[in-house]
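>>> okay, predicted coordinates and the sequence, questions at the end:
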Amino acid sequence: MLFQDKEPPWISTSPIMQNNWNPCLQILEGHTDWARSVAFSPDGRRLVSTSDDDTVRVWNAETGALQQTLEGHTDWVWSVAFSPDGRRLASASCDKTVRIWDAETGVLQQTLEDHIDWVLSVAFSPDGRRLASASGDTTVRIWDTGSDTLQQTLEGHTDWVRSVAFSPDGRRLASASDDKTVRIWDAESGTLQQTLEGHTALVWSVAFSPDGRELASASDDKTVRIWNAETGVLLQTLEGHTDSVWSVAFSPDGRRLASASGDETVRIWDAEIGTLQQTLAAGATTTGLSFSSNGCHLNTKMGHIALDQSPSVPIRTANYSGYGIDAVNRSWITWNSSKVLWLPQQYRPSIYEDSIIDPTASDVYPRPCGSFVVRKQVIAIGCSSGRVLLIGFNPNISPITNEPFHFSAQNTIC
């Protein structure tokens, strides 16, 4: 049992200490079913969680206080996206709707109801004026966020659309589909500009280069492809992964491309000539790739990976910088890859969410889990019980000076 006089000084987010304090850190109670995904607002002040209980909940990321419970969906809430300014929140659900909420007040602003199948993902345009939604009904829809207006219905895919991404200038939209293609659309007119064919299995995600001239796609066929986003010409086919590729991201200067795969590696490529620069053994499947602004770190769901600017070793274990989740079995929170805080079984994130099953086919596709996220000194974990575990660390104290804390599952049940 961990009591007040033994509270680790490097933990800053925890309940008010009492004499009978239970060694849970911050358990955000409210969801009554699987907490499917968690995400921080752009400024990091709020945490949003989605659940199979059909709700979205907004929490204060510093105190853990519940700020809003967003009710209205009638089925699982699959994913959420904040607007660039953090003032609005869009949620995508298996009830075939998208809902836009005021992130501050929780007021429902719009219910977008034109899809006829699950909505799998949503993305705001860079200026926040439009929202794109991808659905199992094979369409992409673009909405005006200032009114309840459907601007465009983008038709052409012949299977589920998994994800969408706006170009940096917001003028184009790319969509990735189970029909093995990527399509690029004019976001203003809805005109199909390019159909990118070459993948031999479903495409999970897409990412534009910072200048918008190139597009990378990640596929179940174990490859990454880089395309000229203006002409549709295939520039590079990046081979080397031995399992599905889930996520891709360009470096800020556009010269490098990172890819994350089910083979539990992250690979760094020369985006111009397609050569493999480095293979990082991540220890688990990870998603949510993005480079730091200076290109020195790679942000992932597992934590932040420090990158070699001039790699001399082609394959190495990923060096996680700062706080993260132990990649082997997700049983530890780590600091610079060293174990510092043990997680009981019921509070560990899973690598895979429930499989996405297409009711019209026999295919079952596991999807990487979005039920945990690391942002600087704060880690949020969504649990299958519906609880959200929020742990904040004191940035001024290094936990490595202390012995790792090992909590027993018996003493950590709240």
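It's in. Residues are numbered from 1 along each chain as shown.
>>> so what's the residue count around the nearest residue to residue 300 once chain neighbours are set aside?
Leaving aside its chain neighbours, residue 300 sits nearest to residue 286 (4.4 Å; criterion: CB to CB, 6 or more residues apart in numbering). For every residue, glycine as well, the C-beta is placed using N, CA and C. Residue 286: 29 surrounding residues under other CB atoms under 10 Å.
>>> where's the nearest residue to residue 228 once chain neighbours are set aside, which helix or strand?
Closest residue in space to residue 228, ignoring its immediate chain neighbours: residue 235 at 5.8 Å, by CB to CB, 6+ apart. Taking DSSP states H and E as the criterion, residue 235 maps to strand 234-238.
>>> now the element after that strand, going C-ward?
Assignment by DSSP H and E places the next element after strand 234-238 at strand 245-250.
>>> ok so, going back, isn't the residue nearest to residue 228 right next to residue 226, touching?
Yes - if you go by CB atoms under 8 Å, residue 235 and residue 226 touch, sitting 4.7 Å apart.
>>> those two: who's more crowded?
Legend: neighbour count by other CB under 10 Å for residue 235 and residue 226, higher for residue 226 (22 against 17).
>>> what residues are up against the more buried one?
Residue 226 makes contacts with 214, 215, 216, 234, 235, 236, 238, 257, 271, 274, as judged by CB atoms under 8 Å, 6 or more residues apart in numbering.
>>> for residue 96, state which of the residues you listed is nearest.
Among the contacts of residue 226, residue 215 lies closest to residue 96 (CB to CB), at 28.1 Å.
>>> and for the closest residue to residue 320 other than its chain neighbours, the neighbour number?
With sequence-adjacent residues excluded and distances taken as CB to CB, 6+ apart, residue 320 is closest to residue 303, at 4.3 Å. Residues near residue 303, counting by other CB under 10 Å, number 26.
>>> tell me the bridge partners for residue 303.
Following DSSP bridges, residue 303 is listed with bridge partners residue 324.
>>> quick check: closest non-adjacent residue to the residue most central in space within the chain.
Centrality entry for the chain: nearest residue to the mean C-alpha point is residue 288, 4.2 Å, by CA atoms, centre = their mean. Leaving aside its chain neighbours, residue 288 sits nearest to residue 301 (4.4 Å; criterion: CB to CB, 6+ apart).
>>> before we move on, back to that, measure the residue nearest to the centre of the chain to residue 104 for me?
25 Å (CB to CB, to the nearest Å).
>>> what do you get for residue 260?
33 Å.
>>> when these two are compared, which one has more neighbours?
residue 260 (30 against 14).
>>> in a strand, that one, correct?
Yes - counting by DSSP: H, G, I helix; E, B strand; the rest coil, one finds residue 260 located in a strand.
>>> ok, it touching residue 247?
Yes - assessed by CB under 8 Å, residue 260 is found in contact with residue 247 at 4.5 Å.
>>> which neighbours do those two have in common?
Common neighbours of residue 260 and residue 247, counting by CB under 8 Å, 6+ apart, are 218, 286, 287, 289.
>>> so which of those are in strands?
When the shared contacts of residue 260 and residue 247 are checked against strands (DSSP state E), the matches are residue 218.
>>> identify the residues contacting residue 201.
With the criterion set at CB under 8 Å, 6+ apart, residue 201 makes contact with 180, 219, 220, 221, 244.
>>> what about the first one, which helix or strand?
In this case it means residue 180. Per DSSP H and E, there is no helix or strand for residue 180.
>>> repeat for residue 58
Per DSSP H and E: strand 56-60 holds residue 58.
>>> what does residue 381 give?
Using DSSP H and E, residue 381 falls in strand 378-382.
>>> pairing partners for that strand, with directions?
With DSSP bridges as the test, strand 378-382 is paired with strand 372-375 (antiparallel), strand 388-393 (antiparallel).
>>> where does the stretch 201-350 of the chain dip in pLDDT?
Residue ranges of the stretch 201-350 of the chain with pLDDT under 70: 309-314, 327-328, 350.
>>> one step back: most neighbours, which of the contacts of residue 201?
residue 219 (24 neighbours).
>>> verify the stated contact: it with residue 204.
Yes - using CB under 8 Å, residue 219 makes contact with residue 204 at a distance of 6.6 Å.
>>> between these two, which contacts overlap?
Joint contacts of residue 219 and residue 204 (CB under 8 Å, 6+ apart) are 244, 245.
>>> residues touching the residue nearest to residue 60 when sequence neighbours are not counted, list them.
In space, residue 60 comes closest to residue 67 once its chain neighbours are excluded; the distance is 5.7 Å by CB to CB, 6+ apart. Residues near residue 67 by CB under 8 Å, 6+ apart: 46, 58, 59, 60, 106.
>>> got it, and residue 288?
Here residue 288 is in contact with 247, 299, 300, 301, 370, 373 (criterion: CB under 8 Å, 6+ apart).
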